[in-house]
Each structure stands twice: as C-alpha cells, then as structure tokens.
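In: Have a look at this prediction, sequence included:
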Amino acid sequence: MKNTKRFSVKIWIDGSSITNPGPGGWAAVLVSNGKARLLGGHVQMATNNQMETKALEEALRALKTPCDVTLYTDSQYVILGVHKLLLGQFPNTNLEFWKGAHQVIGLHMIKIEKTRAHETDPWNNLVDMVAYQCASLSLDYNELYEDAQELLAKSRKR
C-alpha cells in the first residue's frame with residue numbers, strides 16, 4: 001500500500017449578494033505551509049447562499065490533490081449543507097450549486113469550523129471584504145502569496 005502524504009490546508013470562504021438576490025460575489029483564501037492563495041469571482045444575479053456555496057466549490061476545486069482541509073465559514077447554511085453532502089444527501093435548496101460542490105468534496109478529508117462573522121478572525125474578515133468587492137465591482141481574484149502574512153497585511157490596506 002502506497003503511503004501518500006496529504007497536505008494540510010486551511011480554507012476560509014464567504015459569499016455576498018448586494019440585494020439578495022442581486023449581483024453576487026464569492027471569495028476564498030487557502031493557507032498551507034505559510035503560503036496563501038486568494039480566490040474570488042462574481043456573477044450577475046445570485047443569492048448570498050448561492051455565493052457561499054460557490055466559494056466552497058471553487059476553493060475545493062483549486063486543490064490539485066486530496067488534502068486534509070479545515071474549512072472556516074460563518075455560514076450555518078454551508079455547515080449544514082456540507083454535513084448533508086458528507087452523508088450522501090443533497091440540501092433542499094440551490095441544488096445546482098450543491099452539485100458543483102458535491103463533485104469535489106469527497107476528494108478531501110474535511111473538518112468544519114464555525115467562525116463568527118465580522119469579528120476578530122482576520123482571514124474571515126478578508127474573505128468577507130473580497131466577496132463584497134467581487135459582487136459590487138464585478139471583480140475576480142486568483143492571487144498567490146509566498147508569505148500568507150503578506151496577504152493579511154495587504155488586506156488591511158484595501
């Protein structure tokens with residue numbers, strides 16, 4: 001049996017919708033081995049929950065190999081949805097968005113941590129800000145930082 005080491009990755013996700021439904025944005029930051037990758041995107045019309053789910057899918061899709069993931073979210077909707085997917089069920093709403101997440105979620109070992117919105121978690125505050133920027137300004141992000149702390153420092157200046 002081949003012993004393959006799985007990377008450990010921490011992921012923070014958030015979604016935003018300007019008028020719910022309205023212009024939508026999502027963001028994720030992936031942190032591993034002192035490096036960080038910031039992802040974000042936008043759509044013309046979506047709900048907040050749809051963008052939360054899109055952030056989950058895109059973050060997991062960005063991982064090129066199976067990983068041990070600690071997922072941080074302030075969305076109870078995502079937490080309950082992930083638990084359903086891990087049990088082989090689909091959430092009752094936004095099925096088209098959950099199907100995308102379902103395609104990639106089983107590749108990874110996932111531990112979910114609830115974080116409080118708009119509180120003291122700087123990574124959560126970052127994805128909250130970026131998701132809102134993506135929604136309101138129609139922005140996309142795909143940035144790699146060799147030093148994760150550099151991203152946090154830069155985010156304080158945004």
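Out: Sure thing, it's come through.

In: residue ranges with poor pLDDT in the protein?
Out: Flagging of the chain using pLDDT under 70 yields the residue ranges 1-3, 158.

In: And the strands in it, which stretches?
Out: For the chain, the strands defined by DSSP state E cover 7-17, 22-32, 35-46, 67-73, 109-114, 141-145.

In: can you pull the buried residues of the shortest one?
Out: It refers to strand 141-145. For strand 141-145, the buried set under the neighbour-count rule, 16 or more other Cβ atoms under 10 Å, comprises 141, 145. Yep, even glycine has a C-beta here, placed from its N, CA and C like the rest.

In: Each with direction, which strands does it pair with?
Out: strand 35-46 (antiparallel) (DSSP bridges).

In: Could you do the second one as well?
Out: In the sheet containing strand 22-32, its partner strands are strand 7-17 (antiparallel), strand 35-46 (antiparallel), by DSSP bridges.

In: Out of those strands, which is closest to G24?
Out: Of all these, it is strand 35-46 that lies closest to G24, at 3.1 Å by Cβ to Cβ.

In: Could you tell me how far the closest one lies from the centre of the chain?
Out: How far strand 35-46 lies from its chain's middle: 8 Å, per Cα atoms, centre = their mean, to the nearest Å.

In: so which of the strands paired with strand 22-32 is the most packed in?
Out: strand 7-17 (a mean of 24; mean count of other Cβ atoms under 10 Å).

In: Using CSV, list the CA coordinates for that one.
Out: C-alpha atoms of strand 7-17 as CSV (Å, rounded to 0.1, in the frame of the first residue of the first chain):
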residue,chain,number,x,y,z
PHE,A,7,-1.3,18.3,2.5
SER,A,8,-3.0,20.2,5.3
VAL,A,9,-4.9,23.2,4.1
LYS,A,10,-6.9,25.8,6.0
ILE,A,11,-9.7,27.5,3.9
TRP,A,12,-11.9,30.4,4.7
ILE,A,13,-14.9,31.1,2.5
ASP,A,14,-17.6,33.7,2.2
GLY,A,15,-20.3,34.8,-0.2
SER,A,16,-22.0,38.1,-0.9
SER,A,17,-25.1,39.3,-2.7
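
In: Cheers, nothing more for now.
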